[in-house]
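Participant: Quick one: sequence and predicted model below, then my questions.
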Amino acid sequence: METRQTNFLNNTPQEPQIFEPPKKRRRLFLFVLVGAVLFLSGCVGRIFIERTLSNDPLAYDPVTLEPITPEGLLSKIKHLVFNKEKSLAGQKQDRINILLLGMGGPGHDGPYLTDTIIIASIQPSTGEVALMSIPRDLGVDIPGHGWYKINHANAFGEASQSGSGSALAAKVISDIFHTNIHYYIRVDFQAVQKIVDDVGGITVDVERSFTDAEFPADNHEYKTISFKKGIQTMDGTTALEYARSRHGNNGEGSDFARARRQQRMILALKEKILSFETLSNPIRIHSILSALDEHISTNMLFSDIMSTMKLAKEITFSNIKTVVLDSSIGGYLKNGYSASGSFILEPVSGNFDDISYLFEHIFDPDAILDNVKEIDTPEQEQPQLPPTIVEVQNGTWRAGLAARTKKTLEDQDISVSAVGNTDERPTMDSAIYILEPLGQDVAQAIKSALDIPIKEPQENLRHAVGTQVLVILGEDFEE
């Protein structure tokens with residue numbers, strides 16, 4: 001092609017330029033434009049795919065946990081088109097349910113039997129979180145296998161296809177409680193130990209001292225472990241022993257006590273994880289998950305994990321509700337036996353409707369109480385007795401008295417559904433009020449546990465809807 005220089009200061013006539021026909025030039029321009037677009041699209045698409053497949057943790061700010069917006073016009077366009085932050089499953093419905101499963105793992109007895117089963121539910125609009133522990137002995141219908149303890153679901157899934165146990169456990173729980181389980185996370189003992197050690201240990205307030213002389217040790221033997229009441233910093237090994245112990249004395253020898261300890265450990269780990277120095281750094285999260293790949297099973301993407309942690313940074317201890325399904329007096333479960341004669345736990349009402357309602361309305365205690373009171377029973381069927389609803393009110397200025405008394409009653413297998421304060425304080429005299437005939441037996445058990453008299457109900461008593469036994473703690477109450 002001939003090149004000509006044009007001097008705008010020279011008035012010498014130039015030779016006439018020859019132009020290509022318009023149609024031909026327009027066609028050439030279109031070919032060039034389409035080629036450029038395809039080339040750029042291919043480059044951007046490749047970059048996006050590579051980053052997506054590698055789950056690049058550097059795409060997140062380690063402080064805000066927000067996706068990092070790149071610099072440059074082309075990068076910003078790519079970020080807006082491809083990296084738009086998606087909401088978590090269930091977030092639009094204001095309810096995110098995550099199933100937490102814990103198992104021994106290879107090398108342990110019953111490696112795929114889940115001894116820890118907890119549903120963590122998040123309500124994004126209020127920042128509230130609820131933890132509901134499901135006992136491993138709960139009898140449920142597992143598809144293709146019939147009625148078994150619920151901790152078998154994961155093991156059956158793994159036997160069918162490696163890596164599918166968590167999904168089957170999530171399906172079973174979703175079906176029996178009529179709720180959506182959006183995500184699941186399954187860890188084994190080794191993962192728990194490493195995570196706790198990687199965050200520098202956790203701080204746990206041990207409620208009471210206990211000793212377990214039958215804790216599993218190597219070579220199918222036992223060893224003795226013990227914990228003292230008070231605040232302790234635990235490493236991975238100690239935290240795992242605290243959460244696993246099943247034969248402790250001093251009221252710590254049941255699966256229900258163990259479930260409460262597991263909840264406390266999870267809450268302590270949550271606080272440490274969300275501190276800036278530990279796992280809130282995306283690089284460390286990615287590194288630990290990669291190192292524990294064989295010990296953690298989850299359907300959460302890396303972006304889901306980061307979004308969940310960002311959401312969790314806004315949650316405080318005061319907004320966390322804990323529920324343990326148990327067979328205590330007034331609880332939702334009772335002891336029973338399967339068709340093969342094995343011990344199981346089963347719903348008091350004969351079905352899971354009450355528990356499903358409890359979970360659905362777990363952020364609305366009054367709705368839970370109202371449902372239990374007004375349960376509908378077909379006329380042709382023998383009515384089932386609902387769990388007795390016990391409410392404890394603090395009539396003093398001693399902070400946390402009602403909550404501490406609730407724990408005292410739960411240690412005696414008496415379930416407490418609500419705690420609060422009296423309208424007027426201080427109240428001088430403690431009393432137990434039986435508001436419904438069904439509460440007679442529970443009231444007598446509370447009287448023995450707290451040494452509080454049973455009195456005739458007063459007309460001006462304020463209590464939650466559905467309360468059957470009301471406990472008022474006055475200035476004369478001694479802890």
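Facilitator: Thanks, I have the structure now.
Participant: and the helix or strand containing K194, which residues are buried?
Facilitator: Using DSSP states H and E, K194 falls within helix 189-198. Applying a neighbour-count criterion of 16 or more other C-beta atoms under 10 Å, one finds F189, Q190, A191, V192, Q193, K194, I195, V196, D198 buried in helix 189-198. Where you see a C-beta, it was placed from the backbone N, CA and C, and this is true even at glycine.
Participant: Quick check: the fourth one vs M265, distance?
Facilitator: From V192 across to M265, the span is 9 Å (C-beta to C-beta, to the nearest Å).
Participant: Now do the shared contacts for the two.
Facilitator: Taking C-beta atoms under 8 Å, 6 or more residues apart in numbering as the criterion, V192 and M265 both touch A239, A243.
Participant: For N180, give me its contacts.
Facilitator: With the criterion set at C-beta under 8 Å, 6+ apart, N180 makes contact with G90, R95, N97, S174.
Participant: same for the helix holding K194, what does it pack against?
Facilitator: Judged by 3 or more C-beta pairs under 8 Å, 6 or more residues apart in numbering; DSSP states H and E, the packing partners of helix 189-198 are strand 96-103, helix 236-244, helix 282-291.
Participant: With respect to A213, which of the ones you listed lies nearest?
Facilitator: With C-beta to C-beta as the criterion, A213 lies closest to helix 236-244 of the helices and strands packed on helix 189-198, at 12.8 Å.
Participant: name the helices or strands packed onto the helix or strand just after that closest one?
Facilitator: Remark: after helix 236-244, the chain's next helix or strand is helix 255-273, criterion DSSP H and E. With contacts taken as 3+ C-beta pairs under 8 Å, 6+ apart, helix 255-273 sits against strand 114-123, strand 128-133, strand 202-206, helix 236-244, strand 320-324.
Participant: wait, which of the ones you listed is closest to I355?
Facilitator: That would be strand 128-133 among the helices and strands packed on helix 255-273, by C-beta to C-beta, at 8.9 Å.
Participant: Please state the offset of the closest one from the chain centre?
Facilitator: 6 Å (C-alpha atoms, centre = their mean, to the nearest Å).
Participant: re earlier: winner for burial among the helices and strands packed on helix 189-198?
Facilitator: strand 96-103 (a mean of 24; mean count of other C-beta atoms under 10 Å).
Participant: what's the angle from it to strand 128-133?
Facilitator: 30 degrees (axes from the mean of the first three to the mean of the last three C-alpha atoms, to 10 degrees).
Participant: before we move on, what SS does the nearest residue to G420 once chain neighbours are set aside have?
Facilitator: For G420, ignoring the flanking residues on the chain, the nearest one in space by C-beta to C-beta, 6 or more residues apart in numbering is Q393 at 5.4 Å. Using DSSP: H, G, I helix; E, B strand; the rest coil, the structure places Q393 in strand.
Participant: Mind listing the residues bridging to Q393?
Facilitator: G420, I472 (DSSP bridges).
Participant: Could you list the low-pLDDT ranges of the stretch 351-479 of the chain?
Facilitator: 365-388 (pLDDT under 70).
Participant: at 50 what do you get?
Facilitator: Residue ranges of the stretch 351-479 of the chain with pLDDT under 50: 369-386.
Participant: Of the helices and strands packed on helix 255-273, which is nearest F156?
Facilitator: That would be, of these and by C-beta to C-beta, strand 114-123, which comes in at 11.1 Å.
Participant: Now render the contacts of N180 as TSV, adding distance to G331 and pLDDT.
Facilitator: Below are the contacts of N180 laid out as TSV (distance: C-beta to C-beta, whole Å; pLDDT from 0 to 100):
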residue	distance to G331	pLDDT
G90	28	90
R95	24	94
N97	22	96
S174	23	95
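Participant: residues contacting the residue nearest the centre of the chain?
Facilitator: Central residue of the chain (C-alpha atoms, centre = their mean): A120, 1.9 Å from the mean position. With contact taken as C-beta under 8 Å, 6+ apart, A120 is in contact with N97, I98, L99, L100, V129, A130, L131, I266.
Participant: State the distance from it to R246.
Facilitator: For A120 relative to R246 (C-beta to C-beta), the value is 22 Å.
Participant: I173 now?
Facilitator: 22 Å.
Participant: same question, T233
Facilitator: 23 Å.
Participant: got a list of what the residue nearest to G420 touches?
Facilitator: Taking C-beta under 8 Å, 6+ apart as the test, what Q393 contacts is A402, V419, G420, N421, T422, H463, L470, V471, I472, L473.
Participant: List just the nearest of those to M300.
Facilitator: Of these, the one sitting nearest to M300 (C-beta to C-beta) turns out to be V419, at 33.7 Å.
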